Each structure stands twice: as structure tokens, then as C-alpha cells.
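Predicted coordinates and the sequence they were generated for:
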Amino acid sequence: MSAEPITEPVMTQDPIDLLIAIEEASVAPIRPEYVEGMAIVPPQPNDNHNDGAFKLAVQFFTTGFELAGMGNGYRAAHKDGRTMALVIPDFYIRRRKPTELDESYRKAHKGWYPIDMIALVGEVTSTNHETDTGPKFRMYAAAGIPVYVLVDRHSGTAHCYTDPVLPGDDPTEAYYATDIKVNLGEPLPLPGPYPTVDTAPFLTD
């Protein structure tokens, strides 16, 4: 009688725990993210990046979008419940204030809210501009976020992406079907009910 091979169970680390380990190992405060199987440690943004992102969030707030915000982390999940992505957008507009269910989700996932809370998401590129124009672009589309506002300081353009498409089950194939593009300094029109936003704060670094 031949012995049957012994197989060891495959142990997978939750990306949330991976990011916690990276934070604990860093000598400086960081907020790593996780997209398309990669842990991403964003570079320290300069004042133009932070001031511009803040001014965009304020534009939304002052035109009546009181759920505009910055700073929180959001988790997207695969259909089987595994973590697909962990992101901290530069700014966003939420669909709702956190409910008890949202807070329970956040506690269960160690500080990350569900990404379906977001109605509009925004990013301002830093030196790693490929992250916002590639992996995050695809991930936000895969998560079904209706509007993605991207200020691409590398190309000198601003974009309003709408109509997310996920052709199959692979989130890396997702995309936005519509792109409204302007040069930085020009007003960027967004779909209703959102206002046209001023991109002039990004003209100088």
C-alpha cells in the first residue's frame, strides 16, 4: 500500500495584517495601502499636493456636500469576501454617515470602512503617479464607485472618470468608460449633482 502524500494547508496572510506589520516596522508614521496584490507605501506628499486635495474637498463641502472628507481608509472585497484592496483616498464624498453596521465592519476589519460608503473618490498624483492612473483607477472601477476624480500633476491634466465597467471576474480588467479631461487650471465639469471644480490650485508646485 502506497502512502498518500501529506499536504500542508496553505496559509495566507490577510492584507490588513500585512499593512499593520509594515506600519509597526516603520520608523516614521506612514499609511500604507494595498492594491492588486501589492502593498504600497505612498511617498510623503508635498504642500501643493495636500493643500490642493484639501481645497477640492472644501469645494464640495461649501457647495452642500457635507459628507465630503479626507483621511479614512476603505476596504474593497472580492465576491468570496477576501480583501481586494485597502485604500486611503486623497478626498471623497460618502453616500452616508457611518451607521452602526459600518462601525461594526470597521472594527472587524481593524480600522477600514466598507468602500461602498463612497459615492465619489478623488486622488492627486504624487511621484508615484502610476499608482493613481493604473492600479487605483482599475480598483475604483472594479468596486463600482460611480465617479473618480483624478488630478494628474505628472501630465498636467485633471480627469472625471464615470461609468465603471467590470467585464468579468478579474478586477484588474476593470475600467471607466467615460473620461472628461481638462488641463490643470481649467474648470473640471462633473456629472450632476456635483459642482464644476476649480483645478487652479494645482498650477504651481
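Structure received.

only C-alpha atoms for contact and neighbour calcs from this point on.
Fine.

what number of residues lie near residue 29?
Counted with other CA atoms under 10 Å, residues neighbouring residue 29 total 10.

Count the residues that sit near residue 189.
Each residue near residue 189 was counted by other CA under 10 Å, and the total is 16.

residues near residue 103, how many?
Residue neighbour count, defined by other CA under 10 Å, stands at 15 for residue 103.

try residue 171
As a burial measure, the neighbour count of residue 171 was computed by other CA under 10 Å and equals 20.

Is it correct that it is in contact with residue 140?
No: applying CA atoms under 8 Å as the test, residue 171 and residue 140 come out as separate, 9.3 Å apart.

where does the chain have low pLDDT?
When the per-residue scores of the chain are filtered using pLDDT under 70, the ranges that remain are 1-11, 44-48, 204-205.

which stretches of it form helices?
Along the chain, the segments classed as helices by DSSP state H run 15-25, 47-62, 100-108, 129-133, 135-142.

Of the ones you listed, give the one that comes closest to residue 178.
With distances scored as CA to CA, the stretch of those nearest to residue 178 is helix 135-142 (11.2 Å).

Could you work out which of the helices of the chain reaches nearest to residue 119?
Among the helices of the chain, helix 135-142 comes nearest to residue 119, with 10.7 Å by CA to CA.

Show me what that closest one is packed up against.
Packing partners of helix 135-142 (3 or more CA pairs under 8 Å, 6 or more residues apart in numbering; DSSP states H and E): strand 33-35, strand 157-165, strand 175-183.

would you list those strands in TSV and tack on mean neighbour count?
As requested, the helices and strands packed on helix 135-142 are arranged in TSV below (neighbours: other CA atoms under 10 Å):
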stretch	mean neighbour count
strand 33-35	21
strand 157-165	21
strand 175-183	17
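
want to throw the ones you listed into CSV with distance to residue 193?
Compiled in CSV, the helices and strands packed on helix 135-142 are given as follows (distance: least, CA to CA, whole Å):
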stretch, distance to residue 193
strand 33-35, 29
strand 157-165, 13
strand 175-183, 16
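
Relative to residue 109, which of those is closest?
Evaluated with CA to CA, these place strand 33-35 nearest to residue 109, the distance being 13.8 Å.

Which other helices and strands does that closest one contact?
Under the contact criterion of 3+ CA pairs under 8 Å, 6+ apart, the helices and strands touching strand 33-35 comprise helix 15-25, strand 38-40, strand 83-87, helix 135-142.

what does the third one contact?
Contact partners of strand 83-87, identified using CA atoms under 8 Å, 6 or more residues apart in numbering, comprise 14-16, 33-37, 73-78, 112, 139.

Can you tell me the strand partners of that strand and which way each runs?
In its sheet, strand 83-87 lies beside strand 33-35 (antiparallel), strand 73-77 (antiparallel), with partners assigned from DSSP bridges.

any idea of the angle it forms with helix 135-142?
Between the axis of strand 83-87 and that of helix 135-142 there is an angle of 120 degrees, by axes from the mean of the first three to the mean of the last three CA atoms, to 10 degrees.
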